[in-house]
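>>> Below is the sequence, then the predicted model.
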Amino acid sequence: MKRVQAIHNTSRARKTTKPSEELSIAITFRRPQDGLGPTKLSARLSSASVAALRPDPLDIDRALYELHHRGFVVSAKGKLTASVRGNRRLFEKVFGTKLKIFRIDPTQETSSQAFYYPPPDAQWKPDPAIMSLIDDAYIQWPHIFMAAKKKPKPKPQPASGQPSATAPSVGYFHLSMPNDVPRLLNVPQVHAAGTTGKGVRIVMMDSGFAHSHPYFKANNYTSSVALAPSASNNKTDMNGHGTGESANIFAIAPGASFIGIKLDDDANPQGGASILEGFQEALKHKPQVISVSLGYDLCETNPFTGQRTSDKHLTTLPNGLKALEAEIQAAVANGVVVVFSAGNGHVSFPGMMPEIISAGGVFVDENGGMTASDYASAFMSKIYSGRSVPDFCGLVGMQPHADYIMLPIPSGCEIDRDNSAHDKTTASDGWGVFSGTSAAAPQLAGVCALLLEKNGGLTPSDIKAVLKRSCRDVTTGSANDASNEGHAVKASAGLDGATGAGLVDAFAAWKQI
């Protein structure tokens, strides 16, 4: 049979366009009673129903043994799925297909600029012995870093060595760390009451976490970093996204136990781990909160250029993402609070899943005025009926660049170089001004940790409910029209599509539990 699978924009461009020969492949399994798996069900999974899809552990072991016997390497395992790795030729041989190079929209921030995937008309004649043991196998797409679109690159400058613990002056309004973000989310009152997230485990998946930066040391922040499959060097972050955005968690919940899951491979910028592999690794660390500022853009896209052909939303979840959906549902069902960015004009997945916390954006100006961020996504999902994105909001900048929060990053990293053309920092000072809903997700994850310290028995739905009813209403502004088929969703009194329940108020939520 032919294997028809749409490819969609999944955006962070890299300097090289040659894709990695090593592929990350999601494996889904069947439940023993009827042979159905995530890609064969007619109904969507929920956290309430996902347990019914659990495969027999022996069946999983048999399938992974056969895949290993044919040359694949098992890279990670979750509750319902597994990830394996193998080269392009091996995948073509075992699954009876031919892969082509697909490009990624160079204006977006993605984990890779190109990747191998079967074209829509590719033959699909997999090894029958393998398919008798699994539900399906899909190569994982590159993912979006929900910070900002690509900026014009400045002339390369050498790294200046160790950056300063204090941020440079840039001469325009922005938020500083570690004080401004907590202040605007009403966190200081929670800290004054003795609640800092102590004892709560937050796991954050991202590009890397270079917490040797003097800023983290000066503020006595501590962390541990684990490597996802194919990632390398737990001390570095060549991009800077994870290091910078993690500062949001530390500012909100400095007492929490921070565990970073690095996805990037320093030696192979086109390689690194998929979101699924990172999530499977995250689950090993027994998280109470998982924060992810990554995702996919589910719009109609030219499969060969990676660029949107329209702002029209997809109406069904691509099969290649159903393994990730299943693992997230299983985590929520197990009591893990999962926070994803809502997107920056993206029709974001997993940010649209109903059971997770979808983090949108509100801009607070120098006078305290609040408005919906026109950089952040807001839309009604056409995949999950009745799902409005976002749930509520963190602090996010405005178009065109969302330059809003001064964040510590490795000296000379990709963001340090790229952002300096417009954020008035230098290309090697170890600081950058940026935000996007990449910043909102860890802010909300930190607030969740504060609530869990006070009451460790709260479920994900409990936390979502208390945050929703305690938000500050945002009544002006509009979200990013690119996320809603060209029509910007407007903020209004009460619940609205642009900001959900509004801007999170940590102290108001803390008082209610």
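Here it is on my side, so go on.
>>> If you count contacts, what does the longest helix anywhere in the chain end up packed against?
For the chain, the longest helix by residue count, based on DSSP state H, is helix 437-454. Here helix 437-454 touches strand 201-206, helix 241-252, strand 289-292, strand 337-341, strand 357-364, strand 392-395, helix 460-470, helix 506-511, going by 3 or more Cβ pairs under 8 Å, 6 or more residues apart in numbering; DSSP states H and E. C-beta here means a position set from N, CA and C on the backbone, and glycine is covered the same way.
>>> Distance from the last one to the middle of the chain?
Centre-to-centre, helix 506-511 and its host chain are 26 Å apart (Cα atoms, centre = their mean, to the nearest Å).
>>> what's that helix in contact with?
Contact with helix 506-511 is made by 182, 185-187, 189-190, 193, 195, 252, 447, 450-451, 454, 466-467, 470-472, as judged by Cβ atoms under 8 Å, 6 or more residues apart in numbering.
>>> give me phi/psi at the residue nearest in space to the middle of the chain?
Nearest to the mean C-alpha position of the chain, counting by Cα atoms, centre = their mean, stands Leu294 at 2.2 Å. The phi/psi pair for Leu294 (degrees, to the nearest 10) reads phi -130, psi 170.
>>> Asp59 now?
phi -60, psi -40.
>>> wait, it sits on Arg31?
No - Asp59 is beyond contact range of Arg31, at 9.0 Å (criterion: Cβ atoms under 8 Å).
>>> The two: who's more crowded?
Taking other Cβ atoms under 10 Å, Asp59 and Arg31 do not tie; Arg31 has more neighbours (19 against 15).
>>> about what we covered before: pull out the buried members of the contacts of helix 506-511.
Among those, the ones that count as buried by 16 or more other Cβ atoms under 10 Å are 182, 185-187, 190, 195, 252, 447, 450-451, 454, 466-467, 470-472.
>>> Tell me the one among these nearest to Thr243.
Among the buried ones among the contacts of helix 506-511, Ile252 lies closest to Thr243 (Cβ to Cβ), at 16.3 Å.
>>> And Ser385, how close does it get to Ser358?
15 Å (Cβ to Cβ, to the nearest Å).
>>> again but with Asn344, I slipped
For Asn344 relative to Ser358 (Cβ to Cβ), the value is 13 Å.
>>> Kindly report the same for Lys77.
According to Cβ to Cβ, Lys77 stands 27 Å off from Ser358.
>>> Specify which member of the buried ones among the contacts of helix 506-511 is nearest to Arg417.
Ile252 (28.0 Å).
>>> What mean pLDDT does stretch 221-235 get?
For stretch 221-235, mean pLDDT is 97.
>>> distance between it and the chain's centre?
16 Å.
>>> Do me a favour and get the end-to-end distance for it?
15 Å (Cα to Cα, to the nearest Å).
>>> in that stretch, what counts as buried?
For stretch 221-235, using 16+ other Cβ under 10 Å, the buried residues are Tyr221, Ser223, Val225, Ala226, Leu227, Ala228, Pro229, Ser230, Ala231, Ser232, Asn233, Asn234.
>>> repeat for stretch 31-39
Neighbour count says stretch 31-39 has Arg31, Gly37, Pro38, Thr39 buried, by 16+ other Cβ under 10 Å.
>>> re earlier: Asp206: which of the buried ones among the contacts of helix 506-511 is nearest?
Ile252 (16.2 Å).
>>> of Lys77 and Ser358, who's got more company?
Ser358 (31 against 17).
>>> Touching, the more buried one and Val338? I think so.
No - contact criterion Cβ under 8 Å: Ser358 and Val338 do not qualify, at 10.1 Å.
>>> so where's the stretch 151-300 of the chain shaky on pLDDT?
151-161 (pLDDT under 70).
>>> all helices of it, in order?
180-184, 188-192, 214-218, 241-252, 275-283 (DSSP state H, counting those that start in this stretch).
>>> would TSV of those with distance to Gly351 be doable?
Shown next, in TSV, are those (distance: least, Cβ to Cβ, whole Å):
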stretch	distance to Gly351
helix 180-184	20
helix 188-192	26
helix 214-218	27
helix 241-252	15
helix 275-283	12
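>>> quick one: which of the ones you listed is nearest Ser381?
It's helix 275-283; of these, that one is closest to Ser381 (Cβ to Cβ) at 18.3 Å.
>>> where's the closest one relative to the chain centroid, distance-wise?
So, by Cα atoms, centre = their mean, the centroid of helix 275-283 is 11 Å from its chain's centroid.
>>> For it, C-alpha coordinates in CSV please.
Extracted in CSV, the C-alpha atoms of helix 275-283 (Å, rounded to 0.1, in the frame of the first residue of the first chain):
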residue,chain,number,x,y,z
ILE,A,275,10.3,15.9,21.5
LEU,A,276,9.0,12.3,22.0
GLU,A,277,12.5,11.1,23.0
GLY,A,278,12.8,14.1,25.3
PHE,A,279,9.4,13.4,26.9
GLN,A,280,10.2,9.7,27.4
GLU,A,281,13.5,10.7,29.1
ALA,A,282,11.7,13.3,31.2
LEU,A,283,9.3,10.6,32.6
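>>> can you start the count at 32 instead of 1 from here on
Let's use 32 as the start, then, which means that last one is helix 306-314.
>>> Could you tell me the angle between that helix and strand 232-237?
160 degrees (axes from the mean of the first three to the mean of the last three Cα atoms, to 10 degrees).
>>> Which other helices and strands does helix 306-314 contact?
So helix 306-314, by 3+ Cβ pairs under 8 Å, 6+ apart, packs with strand 53-59, strand 104-108, strand 112-118, strand 232-237, strand 288-293, strand 320-323, helix 353-364.
>>> Other residues contacting the shortest one?
Defining contact as Cβ under 8 Å, 6+ apart, one finds that strand 320-323 is touched by 231-237, 280, 306, 309-310, 313, 362, 367-372, 381, 472-473, 475-476, 479-480, 483.
>>> same thing with the longest one?
The list of residues contacting helix 353-364 from outside it, by Cβ under 8 Å, 6+ apart, reads 57-59, 69-70, 76-79, 81-82, 84, 109-112, 169, 306-307, 310-311, 314, 321, 348, 369, 381, 384, 386-387, 491.
>>> Where does the prediction get shaky in the protein?
Looking at the chain by pLDDT under 70, you get 32-48, 179-192, 334-335.
>>> Please parse it into its domains.
Each domain of the chain is listed here as a residue range: 53-173, 211-440+468-542, per automatic domain parsing.
>>> Which stretch among those domains is buried most, on average?
Highest mean neighbour count among the domains of the chain (mean count of other Cβ atoms under 10 Å): domain 211-440+468-542, with a mean of 23.
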